[in-house]
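# Give me a model of this one.
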Amino acid sequence: MKLYETILVDKGEIHFKTDNQGLFEYSLKSFSEYGLLLTFLSLDLHKSDFEGNIMTEYEQKFSEAGNRIYRCEVKYQN
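Predicted coordinates for the structure are as follows:
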């Protein structure tokens, strides 16, 4: 909880993406348990209509190998 509190005090939100489905599912569960509000969810970022993605080297590598990229945005609720 302290890490979330430290990050969210100044920023107010987290943008998270990964190619690891298990990590993504665990993160969604954790965000929910800490009372964060889910504001965006994509189970396949590159097939969504999301604009403004900055692709990392690893993201490109894994998506070219056929892996889905998962993305969410969560927001701190006061």
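# For the residue positioned nearest the centre of the chain, which non-adjacent residue is spatially closest?
For the chain, residue 16 is the residue whose C-alpha lies nearest the centre (Cα atoms, centre = their mean; 2.3 Å). Nearest non-adjacent residue to residue 16, counting by Cβ to Cβ, 6 or more residues apart in numbering: residue 72, 5.4 Å away. Bear in mind the C-beta positions are built from the backbone N, C-alpha and C, glycine included.
# Would you confirm that that neighbour contacts residue 41?
Yes: assessed by Cβ atoms under 8 Å, residue 72 is found in contact with residue 41 at 5.0 Å.
# got any residues that touch both of the two?
Between them, residue 72 and residue 41 share these contacting residues under Cβ atoms under 8 Å, 6 or more residues apart in numbering: residue 28.
# between those two, who's got more neighbours?
Taking other Cβ atoms under 10 Å, residue 72 and residue 41 do not tie; residue 72 has more neighbours (21 against 13).
# Find out how far the strand or helix carrying that one is from the centre of the chain, if you would.
Following DSSP states H and E, one finds residue 72 within strand 70-75. Remark: strand 70-75 is offset 4 Å from the chain centroid, using Cα atoms, centre = their mean, to the nearest Å.
# same thing with stretch 67-78?
3 Å.
# now it: mean pLDDT?
Averaging pLDDT along stretch 67-78 yields 90.
# got the buried residues for it?
By 16 or more other Cβ atoms under 10 Å, the buried positions in stretch 67-78 come out as 67, 68, 69, 70, 71, 72, 73, 74, 76.
# Grab the two from those residues that are most spread out in space.
Longest distance between any two of the buried residues of stretch 67-78 is 29.6 Å, between 67 and 76; criterion Cβ to Cβ.
# Which residue ranges of this protein form strands?
All strands of the chain, identified by DSSP state E, fall at 13-18, 37-42, 70-75.
# who does the second one pair up with?
Just to be clear, that refers to strand 37-42. According to DSSP bridges, strand 37-42 forms sheet pairs with strand 70-75 (antiparallel).
# Compute the inter-axis angle for the strand it pairs with and strand 13-18.
Put simply, strand 70-75 runs at 170 degrees to strand 13-18, going by axes from the mean of the first three to the mean of the last three Cα atoms, to 10 degrees.
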